[in-house]
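*Asks:* Generate coordinates for the sequence data below:
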Amino acid sequence: KDDSRIGEVETDLFDLFASLDATDEQLDFPIVYASGRNGWADLELDGLRSDMKALLDTIVDHIPPPKPDDRSEFAMSVVMLGKDDFV
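*Replies:* Numbering: from 1, shown residues only. Below is the predicted model of the structure:
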């Protein structure tokens, strides 16, 4: 958009992390430019903008997987989503 303020938001985000006493590793966070409405994400501001692959790849590359708790008992939640105009 013409009225976007990307640089200002990036600076504000960095300042927020710094004010929260983030480590140097945390301050070196990746930036993904994205539009959910238009269905694209890219690591470059003027990238291809073809799909959301860059966002998913960044999450997979930077977020560690959960650590399983082998000592806990089995638990499962079942959810059924549905719509009924009568109910």
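*Asks:* Select the longest helix from the chain.
*Replies:* When every helix of the chain is counted residue by residue (DSSP state H), the longest turns out to be helix 6-19.
*Asks:* got a list of contacts for the next helix or strand after that one?
*Replies:* Following helix 6-19 in sequence order, the next helix or strand is helix 24-27 (DSSP states H and E). Taking contacts as CB atoms under 8 Å, 6 or more residues apart in numbering, the residues outside helix 24-27 that touch it are F14, F17, A18. C-betas here are computed from N, CA, C, even on glycine.
*Asks:* show me the contacts for the closest residue to D61 other than its chain neighbours.
*Replies:* Counting by CB to CB, 6 or more residues apart in numbering, D61 lies nearest to P30, which is 8.0 Å off, once chain neighbours are set aside. For P30, the residues meeting the contact criterion (CB under 8 Å, 6+ apart) are L43, T58, D61, H62.
*Asks:* Please, where are all the strands along this structure?
*Replies:* Along the chain, counting by DSSP state E, strands occupy 33-35, 40-42.
*Asks:* Can you tell me which of those strands is packed in deepest?
*Replies:* Mean neighbour count, computed with mean count of other CB atoms under 10 Å, is highest for strand 40-42 among the strands of the chain, reaching a mean of 19.
*Asks:* Strand partners (parallel or antiparallel) of it?
*Replies:* Using DSSP bridges, strand 40-42 pairs in its sheet with strand 33-35 (antiparallel).
*Asks:* Which of the contacts of P30 sits closest to S72?
*Replies:* Among these, H62 lies closest to S72 (CB to CB), at 26.8 Å.
*Asks:* Next, count neighbours for the closest one.
*Replies:* By other CB atoms under 10 Å, the residues close to H62 number 9.
*Asks:* got a list of what it touches?
*Replies:* Listed by CB under 8 Å, 6+ apart, the contact set of H62 reads F29, P30.
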